[in-house]
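Asks: make a model of this:
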Amino acid sequence: MASQKMKRGSVSLRGALIAGTLSLSLVAMPALPAGADPVVANPTDALTKLTDLARESEQTNEALHNAKIDLDAKEAAQADADAAAVRDQGVVDEANARVAKFKPTVDKLAAANYQGARTNRLFAVMVSDSPQQLLDQMSALDAISNDTAKQVSQFTEATAEATAAAEASRKSADAARLAAEQARGLSDDLQKKQSELKSQIADVTAAFGDLTSSEKAQLAGRPFPPGFDAEALLSGLVPGNGASALQAGLTRVGSPYVWGATGPSEFDCSGLVVWAYKQIGKTLPRSSQAQASGGVAVPRDQLQPGDVVLFYNDASHVGLYAGNGNILHASTFGVPVKVESMASMPFYAARRY
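Replies: Model prediction:
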């Protein structure tokens, strides 16, 4: 009995959530003539111009996010390479210190050999005046010989280690320089994209300002397609997976599209997906292209609510599958977050997180 009350309470809460979402969306969206299609129909030249400009800005916006991801990764690689170079140089310094420790002995031995020094047993016999003196002389020679041989061996080992360490240090230093150069290249590319996006945003907002009220209403469309029942959709979903991300995303219907925004009240396309999944404790990549590479691939005919769906041949747009061939997304400037048919865009791929 208690479980039935909890279930009824959960359904009521979900219903209230959807009702609130619908109310908010309907207030935020411009009024449309009865029966108007949610996809822009018979666009004017001004709408066509705006749509083209907005599409270009979205591509640049997502490319900008991707460039930032690449730059962050490259800067992390550069930091690792720099640290490795420092460690390797430390090994070189230690190896060189060992070489320096044994070098005097090796130098003395080399000098003695050059000067013809006699340090062998025959020489001991020749210069000894008594058996005891001979034994003492030979014992001393053995000690000198063993110690010298040991130090020569250690010198050889240390020299080999120093040579290997120097080569490793050279490689890590080269890797650090290469990583730094690549990071600088990505940073330059990022700045170029930022400048390009800024210019495109100015063009889009100017074109939007040229629209009439009816054109703006036509562009915005409806928050949901005809017949879309959010409460019925959510009532059969399993909590804790992509469906929960979709449920969170649906509460943002009516929020404006803003380049680079990740919520909670403004979004771009990948920003909405990131925000929705963040609400269920999952961190997704920031760009649509990176989102296209994560998760698990899902065929189009096996999509489930909450799956991440990518569009266009460069995966430059993304949204959350909302069932029955629909997508929840932050589509473009001038169009609030909404649910509409996937048929309005060319399908690229889908991923399940």
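Asks: name the element residue 327 belongs to?
Replies: strand 326-329 (DSSP states H and E).
Asks: give me the helices and strands touching that strand, please.
Replies: If contacts are counted by 3 or more Cβ pairs under 8 Å, 6 or more residues apart in numbering; DSSP states H and E, strand 326-329 sits against helix 242-250, helix 269-278, strand 317-321, strand 338-341. For every residue, glycine as well, the C-beta is placed using N, CA and C.
Asks: winner for burial among these?
Replies: strand 317-321 (a mean of 27; mean count of other Cβ atoms under 10 Å).
Asks: what pLDDT, on average, does it get?
Replies: Average pLDDT, strand 317-321: 98.
Asks: quick one: strands adjacent to the strand holding residue 327?
Replies: strand 317-321 (antiparallel), strand 338-341 (antiparallel) (DSSP bridges).
Asks: contact partners of that strand?
Replies: For strand 326-329, the external contacting residues (Cβ atoms under 8 Å, 6 or more residues apart in numbering) are 225, 228, 246, 249-250, 253, 269, 272, 309, 317-322, 337-342, 345.
Asks: for residue 214, give its distance to residue 225.
Replies: 21 Å (Cβ to Cβ, to the nearest Å).
Asks: so for these two, which sits in the more crowded spot?
Replies: residue 225 (19 against 12; other Cβ atoms under 10 Å).
Asks: could you say which helix or strand contains that one?
Replies: With DSSP H and E as criterion, residue 225 is part of no helix or strand.
Asks: pLDDT wise, what is it at?
Replies: pLDDT, residue 225: 95.
Asks: and if you look at the one 10 residues further on?
Replies: If you check residue 235, the pLDDT there is 80.
Asks: run through the strands of the stretch 51-200 of the chain in chain order.
Replies: For the stretch 51-200 of the chain, applying DSSP state E, counting those that start in this stretch gives no strands.
Asks: now do the stretch 201-350 of the chain
Replies: 296-297, 308-311, 317-321, 326-329, 338-341, 347-352.
Asks: how about the ones you listed in JSON lines, adding distance to residue 206?
Replies: Output for the strands of the stretch 201-350 of the chain, formatted as JSON lines (distance: least, Cβ to Cβ, whole Å):
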{"stretch": "strand 296-297", "distance to residue 206": "40"}
{"stretch": "strand 308-311", "distance to residue 206": "26"}
{"stretch": "strand 317-321", "distance to residue 206": "22"}
{"stretch": "strand 326-329", "distance to residue 206": "24"}
{"stretch": "strand 338-341", "distance to residue 206": "24"}
{"stretch": "strand 347-352", "distance to residue 206": "30"}
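Asks: nearest to residue 68 among those strands would be which one?
Replies: Nearest of the strands of the stretch 201-350 of the chain to residue 68, taken as Cβ to Cβ: strand 317-321 at 16.1 Å.
Asks: contacts for the closest one, please.
Replies: For strand 317-321, using Cβ under 8 Å, 6+ apart, the contacting residues are 58, 62, 242, 245-246, 249, 269-270, 272-273, 276, 288, 291-292, 303-311, 327-331, 342, 345, 350.
Asks: which of these are buried? Put it as a ChimeraX command.
Replies: Here is the ChimeraX selection string for the buried members of those, based on 16 or more other Cβ atoms under 10 Å:
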select :58,62,242,245,246,249,269,270,272,273,276,288,291,292,303,304,305,306,307,308,309,310,311,327,328,329,330,331,342,345,350
